[in-house]
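K.L.:
heads up, no residue letters with this:
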């Protein structure tokens, strides 16, 4: 079904593409594009379409992309920048703009996704100069306009433009902590307005793909502001997919498929603002642009659907996970009004961060991998999954108190951990299980107390790094007890070692991404402590000076420590009574790959920063 719809859309785009390889832009003060519509030629429409089609491979689609790429290359300046207007557009004389970073990086991203060789080292040297010319601070954020005299144009950084810069640099494996920090701040503040865009949906779309790190705030936006038309639905589906919510994208994709016109396209809707310096700006959009963004959402959803459908057990896992989350949501809805509302918000945030579904699926994975797991009922596995989810809700709320000083999280932590306790208690058949539970919870409490009294744990001590989240192992450990492997057995010890090493590696990997954000909040995480050995949190204006040292020295040091944890974890995994350890080897391999990418990224970033100095 999806392929037929996509192929019809390819036909529509081929008919819409102009002889030069570009696509027309509709301009109107009417948001429905029904009255006083003019046709203009802008770079942005073609650049966005080329980028949206980057992953789409169907008969005829490569020809569309090749022609669009040729057009964009002809329109660039000698400095590899682009203007809003095409060179032949009369409005470029009547209402001229300077070149800008938004058109430039979206065009570069489209070219990069169409042919990665098109953006080589020589091009990146020009990009460096453009960014330096527009930087507010080294490493971001950046101004929009490539001009000395801004006139009526804003010199302030824009969230959408900076998200697009981060997105393009990410395609080149370059991460700038200052830029990432700016974008995370935008998401934390929930401020998704841009004077250049007709609504907040395009801004959130750009942030979802451009911002690295935690993006749970975007989930809140999607729930608060449901899409109104086909363009919003296409953007919302892509955002959900970027955030890892394939199930939330499904209904939007189905609605898109149902609203496709007979000619294979979708209507134009306002995407950005034209003539932003006018007293009454106009709306800008394009039927071809809506169509390309709908294709992007449908293609990526269909591809993920096909991949997941062919993966063993995944349909069952999806149903299991949704059932567990649904039970937690139903229980939260039973809580007193304000507490229930905040708990549901916390639940959504935790689920958004858990893109792999590990929090709810770990007991199912463990039961199915355990040699003696066939005797453990589905009811018990489901209860363990629900208890683990409530435990992580308690952990997240406690983190809000410990790291952010947010007192409002105290009742949430208390409530979530009470639910967790009750669920586990219902499963205990003897003292051994109760002793295990009390011991693991006490270890987490002790870790929090040590952090308050003694500060940041050492980055080299896996037990200290893992203790705050060691409750994640309770379900698997209980199943070992139920299978006859007591607390003094070698198998039980191997499980403790595996989860300690895995959780420590995961924590250190997270800290390597979050150290700057944590320092800005006045907190030293284990990686921040490596950069500040005196234990003193620097002033915010001094934090940026630590970045170079992080990329030059500490990334490799942290990567080496993580690698050591993973090797220990693999030795422990080999000693476990599992008939299939693939899932758990995958957890270790995922961190190993992330660590390798971080080291490669640091080298690319250092080369990029070196180009700034030269």
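P.N.:
Received the coordinates, thanks. Please read all numbers here as calculations on a predicted model, not as lab measurements.

K.L.:
got the contact list for residue 75?
P.N.:
Residue 75 makes contact with 43, 82-83, 86-87, 107, according to Cβ atoms under 8 Å, 6 or more residues apart in numbering. Every residue, glycine included, has its C-beta placed from N, CA and C.

K.L.:
cutoff 6 Å now
P.N.:
Applying Cβ atoms under 6 Å, 6 or more residues apart in numbering to residue 75 gives the contacts residue 43.

K.L.:
could you number the chain from 69 rather than 1 from now on?
P.N.:
I'll keep to 69 as the first residue from here, and by that count the last item is residue 143.

K.L.:
so how far is residue 366 from it?
P.N.:
As for residue 143, its distance to residue 366 is 29 Å (criterion: Cβ to Cβ, to the nearest Å).

K.L.:
and what of residue 388?
P.N.:
Distance from residue 388 to residue 366, by Cβ to Cβ: 27 Å.

K.L.:
neighbour count for these two, which is higher?
P.N.:
A direct count of neighbours by other Cβ atoms under 10 Å for residue 388 and residue 366 places residue 366 higher, at 27 against 20.

K.L.:
other SSEs contacting the host helix or strand of the more buried one?
P.N.:
Residue 366 is part of helix 355-378, with elements assigned from DSSP states H and E. In this structure, helix 355-378 packs against helix 70-84, helix 111-120, helix 298-311, helix 314-326, with contacts taken as 3 or more Cβ pairs under 6 Å, 6 or more residues apart in numbering; DSSP states H and E.

K.L.:
which one of the ones you listed lies nearest to residue 360?
P.N.:
For those, the distance to residue 360 is smallest for helix 111-120, at 4.2 Å, taking Cβ to Cβ.

K.L.:
returning to what we had before: Serialize the helices and strands packed on helix 355-378 to a markdown table and add fields for mean neighbour count and mean pLDDT.
P.N.:
Below are these laid out as a markdown table (neighbours: other Cβ atoms under 10 Å; pLDDT from 0 to 100):
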| stretch | mean neighbour count | mean pLDDT |
| --- | --- | --- |
| helix 70-84 | 17 | 93 |
| helix 111-120 | 27 | 97 |
| helix 298-311 | 25 | 94 |
| helix 314-326 | 18 | 89 |
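
K.L.:
do you know which of those helices lies nearest residue 165?
P.N.:
With respect to residue 165, and counting by Cβ to Cβ, the nearest of these is helix 111-120 at 10.6 Å.

K.L.:
what's the following helix or strand after that closest one?
P.N.:
helix 129-143.

K.L.:
report the mean confidence score over the helix or strand just after that next one.
P.N.:
The element immediately downstream of helix 129-143 (helix or strand, assigned by DSSP H and E) is helix 159-162. Helix 159-162 shows a mean pLDDT of 84.

K.L.:
contacts for helix 159-162?
P.N.:
Taking contacts as Cβ under 6 Å, 6+ apart, the residues outside helix 159-162 that touch it are 108, 153.

K.L.:
for it, buried residues please.
P.N.:
Buried residues in helix 159-162, counted by 16 or more other Cβ atoms under 10 Å: 159-160.

K.L.:
where's that helix relative to the chain centroid, distance-wise?
P.N.:
Centroid separation for helix 159-162 versus its chain: 39 Å, with Cα atoms, centre = their mean, to the nearest Å.

K.L.:
over to stretch 116-123?
P.N.:
For stretch 116-123, the distance to the chain centre is 19 Å (Cα atoms, centre = their mean).

K.L.:
likewise stretch 416-424?
P.N.:
That offset, for stretch 416-424, works out to 10 Å (Cα atoms, centre = their mean).

K.L.:
equivalent analysis for stretch 339-355, please.
P.N.:
Remark: stretch 339-355 is offset 29 Å from the chain centroid, using Cα atoms, centre = their mean.

K.L.:
average pLDDT across it?
P.N.:
81.

K.L.:
before we move on, what about stretch 195-208?
P.N.:
Averaged over stretch 195-208, pLDDT sits at 89.

K.L.:
who touches it?
P.N.:
Residues from elsewhere that reach stretch 195-208, judged by Cβ under 6 Å, 6+ apart: 149, 169, 210-211, 214, 225, 244, 246-247, 250, 679.

K.L.:
neighbour count and distance to residue 82 added to these, as CSV?
P.N.:
Converted to CSV, these look like this (neighbours: other Cβ atoms under 10 Å; distance: Cβ to Cβ, whole Å):
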residue, neighbour count, distance to residue 82
149, 22, 29
169, 26, 31
210, 26, 36
211, 21, 37
214, 21, 33
225, 20, 38
244, 25, 38
246, 19, 42
247, 26, 37
250, 22, 39
679, 16, 39
